[in-house]
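Peer 1: Fold the following and give me the result.
(one chain, ligands or ions: 1)
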Amino acid sequence: MSASMPQKQERLERILRMAPVVAVVTIDDAGVAVALAQALLDGGIGAIEITLRTPAALDAIRAIAQANPLAAVGAGTVLSAADLDAAAVAGAQFAVSPGASPALFDAADASALPLLPGAATAGEAMTLAERGYRLQKFFPAEPAGGVEYLRALAGPLPHIRFCPTGGIRVDNAAAYLRLPNVLCVGGSWLTPSALVRAQDWPAITVLARAAAALRN
Ligand code: 3PG
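Peer 2: The predicted structure follows:
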């Protein structure tokens, strides 16, 4: 029997509170995953979302889960029950989806893996809250309306906490983190593909350290 929704939400909240930023990583070479995760950890970023958009993603999650016990590795771009199952088998500790669907709701209810589902409107956020999701990804944050839009949701929906993601960088993250309904932000700016390709781990640690120093 899978964990209850409140238990899963609690586990997810602990992960989202590890640092002000969740690193969103799209990885082409699973062989660098452990070093990449270590570079983020060295900078103080422990929650790492590997998007399931490349063939290397599941191997990268598996490698980090085995070799970086201080990291909380999750799977991003989870779109289906099959994605959720594959993420759990690979050792992911959480899953992130850009939105939600009835099939994904059913799969997440049956899974032990906590899901951070995406919402971009009040209606979507209310539907998720009805299903027990008080923690949600606000996606895509900047195109959907940014800081002011999310601030406007805090009045009528004060019980929902968001992790805005999509278009967030070091220079606009702090404004999101100051909102009362934001727990953390997500972003790919900590792991630019050029630095990953060059295996420039010290540079990634510098970006992670700056992100970890942001505070809400
Ligand atoms: C994504 O799913 O790619 C995330 O939302 C990351 O968005 P970003 O690249 O704008 O940080």
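Peer 1: right, and residue 115 touches residue 94 too?
Peer 2: Yes - Residue 115 lies in contact with residue 94 (C-beta atoms under 8 Å); the separation is 7.4 Å. For glycine as for every other residue, the C-beta is placed from the backbone atoms N, C-alpha and C.
Peer 1: Overlap in contacts, these two.
Peer 2: Listed contacts common to residue 115 and residue 94 are residue 12; contacts here mean C-beta atoms under 8 Å, 6 or more residues apart in numbering.
Peer 1: Compare those two (neighbour count), which wins?
Peer 2: Legend: neighbour count by other C-beta atoms under 10 Å for residue 115 and residue 94, higher for residue 115 (30 against 25).
Peer 1: Contact partners for that one?
Peer 2: Applying C-beta under 8 Å, 6+ apart, the residues near residue 115 are 8, 12, 78, 84, 94, 95, 96, 97, 104, 108, 133.
Peer 1: 6 Å - rerun?
Peer 2: Residue 115 makes contact with 95, 108, according to C-beta atoms under 6 Å, 6 or more residues apart in numbering.
Peer 1: Distance check, it against the ligand.
Peer 2: 15 Å (C-beta to the nearest ligand atom, to the nearest Å).
Peer 1: do residue 19 as well
Peer 2: Relative to the ligand, and taking C-beta to the nearest ligand atom, residue 19 is found at 15 Å.
Peer 1: What pLDDT is listed against that residue?
Peer 2: Residue 19 carries a pLDDT value of 97.
Peer 1: swap in residue 2?
Peer 2: Residue 2 carries a pLDDT value of 64.
Peer 1: again, but for the one 3 residues further on
Peer 2: Looking at residue 5, its pLDDT reads 94.
Peer 1: Just give the closest residue to it, not the sequence neighbours.
Peer 2: The shortest distance from residue 5 to any non-neighbouring residue, by C-beta to C-beta, 6 or more residues apart in numbering, is to residue 132 (3.9 Å).
Peer 1: Quick check: the one you found is in a helix.
Peer 2: No - counting by DSSP: H, G, I helix; E, B strand; the rest coil, residue 132 is not found in a helix; it is coil.
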